[in-house]
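Enquirer: Got a predicted structure here, sequence first:
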Amino acid sequence: MAVQEIVSKFAEKSTVMASNNDYIRFDWAIKRILRDKANKGVLEGLMTVLLGNRITILEILESESNRDSKEDKSNRVDVKAKTEQGEIILVEVQLARERHFMQRILFGTSKAVIEQMRIAQDYDQIKKVYSINVLYFDLGSGDDYCYHGKTIFTGFNDKKSVLQFNSRESEIVSEQASVVSPDEAFPEYFLLRVNQFNEVAKTPIEEWMAYLKDGIIKADTDTPGLQEAKEKLDYMRMSREDRRAYEEYMVSVHAAQDVWDTAKEDGYREGRAEGMAQGMAQGMAQGMAQGMAQGEAKSKAEAARKMKAKGFTVEDIVDITGLTAEEIEAL
């Protein structure tokens, strides 16, 4: 699809947005709007739904999303919050990108832990960390749209045995709350796979997914955070300058996704054909695996060529395709 077509389609969508009272997409809002403590109710709602506990934001910490540079592609906000029970926690919300994804969220949670430590500070001052990742790209092959991960210690010999703390150990681990197992002390991860959501929004998490994917909020919603989002993230309440910047951002998002999807489809098709041919001689399994790998490499190269032709920066192409700057320059 040509960039002109994408611009035209998004212009049509903007008109629909104005008439249907749709809302600014989350990936834009978290960089421009939600980092402001005045708008904390929206983020509090998302955290409340995921953690199953009423969350109150105490402080928005220094974060990557505080950088207004156009070159900054990492939208992340860290907050210090409190649970209903009075426990202090740290929550990292980020729009993870495809390149080095797992290493990125590992770094984020590790950094959140390290930044809590000051000189002569005891380890018992480390707060629980939650990492919420909103994924606007395809990841893995699972059927669910929301995944939750914890650190659980199971027996080496008895796989059904799960390590638990006794009452004394629980008090030592945390003075804030009763911690009965290691997973309650270690970071927890939430992966929200936006593209995989195709449900009718009935539950709070489904309503949030509908907003994250299509910017849709029910008129009569009582889901935490979404009532605030209706007021804070109304497209028509933006200034003309902000609306223009938002539309330009969405055009670039759709253009990059279209280039990537087209190149990936072409590459996989060619890779499967080559894999089948090699499979006849070397075995179907080996040929398909090699063909898919070749197709992936070719799809990335083709995507990079198209992006260069459309004026994307080398940094953006590296971020989207995973190729190195040297590989891109050589195309």
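Expert: Yes, it's here.
Enquirer: show me where the protein has strands.
Expert: 56-60, 76-82, 88-94, 128-135, 146-149, 188-193 (DSSP state E).
Enquirer: helices and strands around the fourth one, which ones?
Expert: Looking back up the chat, that one is strand 128-135. Applying 3 or more C-beta pairs under 8 Å, 6 or more residues apart in numbering; DSSP states H and E, we find strand 128-135 packed against helix 40-51, strand 88-94, helix 101-114, strand 188-193. C-beta here means a position set from N, CA and C on the backbone, and glycine is covered the same way.
Enquirer: closest to Y249 out of those?
Expert: For Y249, the closest of the helices and strands packed on strand 128-135 is strand 88-94, at 17.2 Å, according to C-beta to C-beta.
Enquirer: now the closest one: mean pLDDT?
Expert: For strand 88-94, mean pLDDT rounds to 87.
Enquirer: Over to stretch 112-130?
Expert: For stretch 112-130, mean pLDDT is 77.
Enquirer: same question, stretch 143-155
Expert: Rounded mean pLDDT across stretch 143-155 is 93.
Enquirer: Could you do stretch 23-32 as well?
Expert: 80.
Enquirer: Please measure how far the first residue of stretch 150-161 sits from its last one.
Expert: In stretch 150-161, first residue to last residue: 16 Å (C-alpha to C-alpha, to the nearest Å).
Enquirer: What ranges in the stretch 101-250 of the chain fall below the confidence cut-off?
Expert: Low-confidence segments of the stretch 101-250 of the chain (pLDDT under 70): 118-120, 167-180, 236.
Enquirer: Columns mean neighbour count on top of the strands of the chain, output as TSV?
Expert: Shown next, in TSV, are these (neighbours: other C-beta atoms under 10 Å):
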stretch	mean neighbour count
strand 56-60	15
strand 76-82	21
strand 88-94	22
strand 128-135	22
strand 146-149	14
strand 188-193	21
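Enquirer: Hmm, A29 is touching L233, no?
Expert: Yes: using C-beta atoms under 8 Å, A29 is in contact with L233, at 5.4 Å.
Enquirer: so what's in contact with these two at the same time?
Expert: V42 (C-beta atoms under 8 Å, 6 or more residues apart in numbering).
Enquirer: Mind checking which of the two has more residues around it?
Expert: Neighbours were counted for A29 and for L233 using other C-beta atoms under 10 Å; L233 has more, 24 against 21.
Enquirer: residues contacting the more buried one?
Expert: Neighbours of L233 in contact, by C-beta under 8 Å, 6+ apart: Y23, I24, A29, I33, V42.
Enquirer: measure it to N157 for me?
Expert: 52 Å (C-beta to C-beta, to the nearest Å).
Enquirer: next one: A330
Expert: Distance from A330 to N157, by C-beta to C-beta: 52 Å.
Enquirer: higher neighbour count, those two?
Expert: Neighbour totals were compared for A330 and N157, and A330 leads with 10 against 5 (other C-beta under 10 Å).
Enquirer: My read is that M238 contacts K232, right?
Expert: No: using C-beta under 8 Å as the test, M238 is too far from K232 to be in contact (10.6 Å).
Enquirer: Comparing the two, which shows the higher neighbour count?
Expert: Shown here are M238 and K232; by other C-beta under 10 Å, K232 has more neighbours (20 against 16).
Enquirer: Leaving out the residues flanking it, which one is nearest to that one?
Expert: Nearest residue to K232, sequence neighbours excluded (C-beta to C-beta, 6 or more residues apart in numbering): N39, at 4.9 Å.
Enquirer: Might you report the residue contacts of that neighbour?
Expert: N39 neighbours (C-beta under 8 Å, 6+ apart): I33, E228, K232.
Enquirer: For those residues, give me CSV that also has distance to G142.
Expert: Formatted as CSV, the contacts of N39 follow (distance: C-beta to C-beta, whole Å):
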residue, distance to G142
I33, 31
E228, 30
K232, 32
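Enquirer: Just those: which are in helices?
Expert: E228, K232 (DSSP state H).
Enquirer: my guess is I55 contacts G41, does it?
Expert: No: I55 is beyond contact range of G41, at 10.6 Å (criterion: C-beta under 8 Å).
Enquirer: which of these two has more neighbours?
Expert: I55 (26 against 18).
Enquirer: Could you report the neighbour count for the spatially closest residue to that one that is not a sequence neighbour?
Expert: Among residues not flanking I55 along the chain, M47 sits closest, at 4.3 Å (C-beta to C-beta, 6+ apart). Counted by other C-beta under 10 Å, the residues lying close to M47 total 25.
Enquirer: Let me see the contact set for G149.
Expert: Applying C-beta under 8 Å, 6+ apart, the residues near G149 are E188, Y189, F190, L191.
Enquirer: who does it bridge with?
Expert: Judged by DSSP bridges, the bridge partners of G149 are Y189.
Enquirer: show me what contacts the closest residue to L50 other than its chain neighbours?
Expert: In this structure, L50 finds its nearest non-sequential neighbour in F190, 5.3 Å apart by C-beta to C-beta, 6+ apart. Counting by C-beta under 8 Å, 6+ apart, F190 makes contact with L50, Y130, S131, I132, N133, C146, Y147, H148, G149.
Enquirer: Tell me how far F137 lies from M307.
Expert: In terms of C-beta to C-beta, F137 sits 15 Å off from M307.
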